[in-house]
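Asks: 3D model of this:
(chains A and B)
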Protein chains: 2
Amino acid sequence: MPDQGRSAPVVVDTTHSPYARLRPVPLTAVTLTDTFWTPRRRTNREVTLPAQYQLCEETGRIDNFRRAAGNSNILFKGRFFNDSDLYKWLEAAAWTLATEHDPRLVELVDKAIAEIGPAQQPDGYLDTYFMFERATERWTNVDLHELYCAGHLFQAAVAHYRATGSSSLLDIATRLADHVCTMFGPEEQGKRVWADGHPEVEMGLVELYRTTGKRQYLDETEFFIDVRGHGLLGEPYERFGSDYHQDHKPFRELERMHGHAVRAVYLNAGAADLFAEKGEAAIRAALERMWTSMTTKQMYVSGGIGAHWEGEAFGRVYELPNERAYTETCAAIGSLMWAWRMLALDGDARYTDLMETALYNGALPGLSLDGQTYFYQNPLADDGMHRRESWFGTACCPPNIARLLASLPGYFYSTSDAGIWVHLYAEGTAQISLPDGQRVELVQQTRYPWDGDVTMTVNGEGTFSLFIRVPGWCETGVQVTVNGRPFTGSITPGTYVELQRTWKPGDSVQIHLPMPVRRLESHPYAIENRDRVALMRGPLLYCIEQADLAGVELRDLVLPAGAIFEATFRSEMLGGVVVLTGDAEVVPPDAGWDNRLYRTTGSAGEAATTRTVNLTAIPYYAWANREPGMMRVWLRTR
Amino acid sequence: MPDQGRSAPVVVDTTHSPYARLRPVPLTAVTLTDTFWTPRRRTNREVTLPAQYQLCEETGRIDNFRRAAGNSNILFKGRFFNDSDLYKWLEAAAWTLATEHDPRLVELVDKAIAEIGPAQQPDGYLDTYFMFERATERWTNVDLHELYCAGHLFQAAVAHYRATGSSSLLDIATRLADHVCTMFGPEEQGKRVWADGHPEVEMGLVELYRTTGKRQYLDETEFFIDVRGHGLLGEPYERFGSDYHQDHKPFRELERMHGHAVRAVYLNAGAADLFAEKGEAAIRAALERMWTSMTTKQMYVSGGIGAHWEGEAFGRVYELPNERAYTETCAAIGSLMWAWRMLALDGDARYTDLMETALYNGALPGLSLDGQTYFYQNPLADDGMHRRESWFGTACCPPNIARLLASLPGYFYSTSDAGIWVHLYAEGTAQISLPDGQRVELVQQTRYPWDGDVTMTVNGEGTFSLFIRVPGWCETGVQVTVNGRPFTGSITPGTYVELQRTWKPGDSVQIHLPMPVRRLESHPYAIENRDRVALMRGPLLYCIEQADLAGVELRDLVLPAGAIFEATFRSEMLGGVVVLTGDAEVVPPDAGWDNRLYRTTGSAGEAATTRTVNLTAIPYYAWANREPGMMRVWLRTR
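Replies: The predicted structure follows:
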């Protein structure tokens, strides 16, 4: 039975989920003191969140609530899903308040909630777009995001309740959830059969169930998943085909990732939540198939997903254009959210590997170093035209990255019956309660992600396992010692090493994760990456920017097979980054092109002069923070 | 001064255009008797056109006119630009009637015109979408295609008038054109400043000017070109950015092709028409820059254009994805229409080269061999999912290809002060009037495009030049003889050879255009085509289809550098085609991928077993006429 009192501030509460192996550790239990995330989280609180609130105000997103509360003199502004931005902002602010003291933010949160409450209708309905002249259009078009907005409200409300103990937003959320449950459900219950055009409500409803204990919210989630694949999202919603909405097949029959990428991963995250509670094998099997397809045929090396601009969608298998990658910031975040829920099910480190790469390389590039501008799309090559913006008409990404950063400490650890799981590395401390009630303090000392040495002090007493993640990227040379004594069991990259022992305060675990510069190649069916490599070091993907290679046409850059790279921390550069430097060749096209696009083979002209240049690669997350210019992740090898 | 009486059925009437070097030859003067185009044109008349009329009827496109004529019980069906489909069908039917006797088609044409007339408003306005409840929305949104539909009406009316001598449709067209000219124009004339969201009206207005002699239609064209690039097509029309509408800069400042591909080439075709009449150098210079950019950086080897599904648009330079090519059939046709107008200006054979490739390889694939189904997009690689359809909600392509086929004979020849220009090759005869009034009969005997030998009998008397096109693809071995005596002047591929002499009836010109199998390679910045070749023979692009290579993964196919191809005519196959056959290797990915998408270099597994297969390549225009399967134009060379 879920808690019905105040939950601890956990991001996804699988504490009592019968089909989940891992249980969350509250945000409040984890204190990051590192130099990578801590400054970013501070910027998130001090710069990003206040600016986003202000933008919600300036763009009418809050006015829309005032209007819905009865002020018909205010015009509705923006798009029909704009409520969700304020909800997502609220969620971000709530997670922030869980760990930070910030009276100014408390005030903004309370103000926002005070605007939302009066906009709710007596029957519980809440969506500011469908008011006044549009009131008759409520629940007439499954693709107008009423449930999507509701889902974000539910997530925000749960976060606010868990973070502050206040039910002011939760009460609004449950009234809306009750309205939804009353309206929609199986025909035999006399309810309307209805689908969610943009998945999101599933995650929200499950968390609401976990928070309130109301089983109907879980059943409603199952209904919304069962109802898909039967044409409810067909015409007139089929602008991009029914797979755009993941409606081309029933959920349990899905084989690979299809359609709008954010919708797809949000849906799968909700389905994973449902599985954690109900344990239906067909759901798990469908998730497994989609996971395999995504990670082996449909995902960028950055962890980004969504190859098509058209429909913001997954492409065909192996279709991964770099410059034209859509790779929405929200999709990488959604992918991480899905992975986190999968990880909770069985503790398989492949999910953590994806989380880590989606975090550093898929989501983080979406935010500028100063926390003030955002990418919607995160291409892996660019000509200098793609730059971050301070806001969007469709502003889903900005508050999404804010809530990710705000909730980040909640993703570092889990517990299980057997002990403590260490998923992510960063300097800091955690106070973890084991299921039997014993408390353990973990202290991480590390320069991760710049360095792969982690010293973990385990201040606890008793017998339990410490599950240490060995990242999949760490292919050789991993060493784990406990109090100086090498761990002698087998260490497999992409798994957790289980250190089972009777711990004493001050026990020290040393984890050595070598970070050589790795060259990654793509499956040859990923056509653009043929004869190319991407550079990674540790969890970080690297790229080349024109700013470091003035006068070089990046399309002509060739990385010799034997090129040696040096990794150097440059504190003055891009907020402090490890750069990779090494020699590369500049090999321009032969002279025989003569301003032609096509020519008969054998008519090559004289080879152009090649030259050697010293190349500097920077972490991909930091690109487009200097003057505009070309950028490339995949570098030619010939 | 343009003719004011009945014009001859010429497609684009530059007869009196002061800045055009070439004059058109009427459709009626050219009789094709070949085995390539003639059966296709017969199918167009017998199958395609009746079916399209029927579809216009079934889908409400004709009912929309009945409704607009006053029958408010009929609901408007389809999209706001659907009138244009009937107009384009009428244009196709009119050009057909210029050369063919077809009472059934005459009846359909008269029926269609009889439906259109009553739909016109007393003030000349005609657009069935903006009737009744939408009447107040007339001319309120530049992107709702009122001028686009008008332009297609103008083209249809001119075709109908030139083909039949009847002014029944022309009278409707001029009333609408007068309405447009009254409404829109420079502010100082007290008119509304208005732009055309989807260019098309320009070509129509210029031809209307050429037909009626009314100068205001030409001035109106100039106005619609001048007005662009000043933000009239900005918000709220900026779904894809102002370059989507070619509105990001004034026309005269455009540097490369941008935005929606069909709009872009239609606009340029209209601007070329304007230049032919007014001769403004800045217009010509902009057209030249865009032509160069398109043909050297933005065009598929098929002549197709439009790299992006999003916005149906040109991509960045060198952005030419194959499987995801948008390459709308209409865009290839529009490209040909633009090229034809450029060719008329100065007789430069580079325009004819493009026309020929766009015709055979860009537009023709848009139509099935049976003339009953159509491609909207023409990708250069496919997994077997992309198949032709019998109609579309947005049905621009079907009647566009019908009007191209119907008007095709009009593109074969031109005249100039100096003589006769031979642009295209196909068996048939032409009766050509020179400017001085003398008549010349040209007889082409050839199996083109399957064979490059053309015997041309010139039955004429007097001194004039015969300009013989030497295709750019014909790089070596071209021979031209006159009455058996070799032409001794220089012969440069991609130019016209001028045979100036005093001709006598029965003079015979032999043109020998060798057709070896050519391998084309792409500029290395066209990233997907690196280390790949496309096969061409004569004007035809080839492709590989799964139907000819059962059990072979086409992505593994490698064409060795020394592969020898045999060209064989197979009369029983695909309506009769020359196929190319030769040996290729199947080289699967090494075994080390182990269901991974990315791996560290150096971890390659054992090489998979390679094998030799006999490959059959078919003309690209004929693809997707057999069972679904993979298709590739660009083949690996390693």
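Asks: For the stretch 51-200 of chain A, which segments count as helices?
Replies: A:61-68, A:83-99, A:103-116, A:146-164, A:168-183 (DSSP state H, counting those that start in this stretch).
Asks: mind checking which of those helices is nearest residue A:353?
Replies: helix A:83-99 (23.8 Å; C-beta to C-beta). (Each C-beta comes from the backbone N, C-alpha and C, glycine too.)
Asks: quick one on the thing from earlier: of all the helices of the stretch 51-200 of chain A, which one is nearest chain B?
Replies: Smallest distance to chain B across those (C-beta to the nearest C-beta): 18.9 Å, for helix A:61-68.
Asks: Give the full set of residues in contact with residue A:611.
Replies: Counting by C-beta atoms under 8 Å, 6 or more residues apart in numbering or on different chains, residue A:611 makes contact with A:585-586.
Asks: can you tell me how far residue A:10 sits from chain B?
Replies: 32 Å (C-beta to the nearest C-beta, to the nearest Å).
Asks: That residue - nearest residue in space that isn't next to it in sequence?
Replies: Using C-beta to C-beta, 6 or more residues apart in numbering or on different chains and skipping the chain neighbours, the partner closest in space to residue A:10 is residue A:24 (3.7 Å).
Asks: mind checking the backbone torsions on that neighbour?
Replies: phi -80, psi 160 (degrees, to the nearest 10).
Asks: how about residue A:577, what does it touch?
Replies: A:569-570, A:618-619, A:622.
Asks: just the buried members of these?
Replies: When the contacts of residue A:577 are checked for burial by 16 or more other C-beta atoms under 10 Å in any protein chain shown, the buried set is A:618-619, A:622.
Asks: can I get the residues you listed in TSV with distance to residue A:457, pLDDT and secondary structure?
Replies: TSV is the format used below for these (distance: C-beta to C-beta, whole Å; pLDDT from 0 to 100; DSSP: H, G, I helix; E, B strand; the rest coil):
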residue	distance to residue A:457	pLDDT	secondary structure
A:618	33	98	strand
A:619	28	98	strand
A:622	31	98	helix
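Asks: Which of those residues sits closest to residue B:33?
Replies: Minimum separation from residue B:33 among the buried ones among the contacts of residue A:577 (C-beta to C-beta) is found for residue A:618, which lies at 66.2 Å.
Asks: and the gap between that closest one and residue B:601?
Replies: 21 Å (C-beta to C-beta, to the nearest Å).
Asks: Repeat that for residue A:108.
Replies: Per C-beta to C-beta, residue A:108 is found 50 Å from residue B:601.
Asks: For stretch A:10-19, what is the distance to the chain centroid?
Replies: On the basis of C-alpha atoms, centre = their mean, to the nearest Å, the separation between the geometric centre of stretch A:10-19 and that of its chain is 19 Å.
Asks: And stretch A:388-403, by the same measure?
Replies: Put simply, stretch A:388-403 sits 13 Å off its chain's centre (C-alpha atoms, centre = their mean).
Asks: Okay, buried residues for that stretch please.
Replies: A:388, A:391, A:395-403.
Asks: Turn these into CSV, columns for secondary structure.
Replies: Below are those laid out as CSV (DSSP: H, G, I helix; E, B strand; the rest coil):
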residue, secondary structure
A:388, coil
A:391, coil
A:395, coil
A:396, coil
A:397, helix
A:398, helix
A:399, helix
A:400, helix
A:401, helix
A:402, helix
A:403, helix
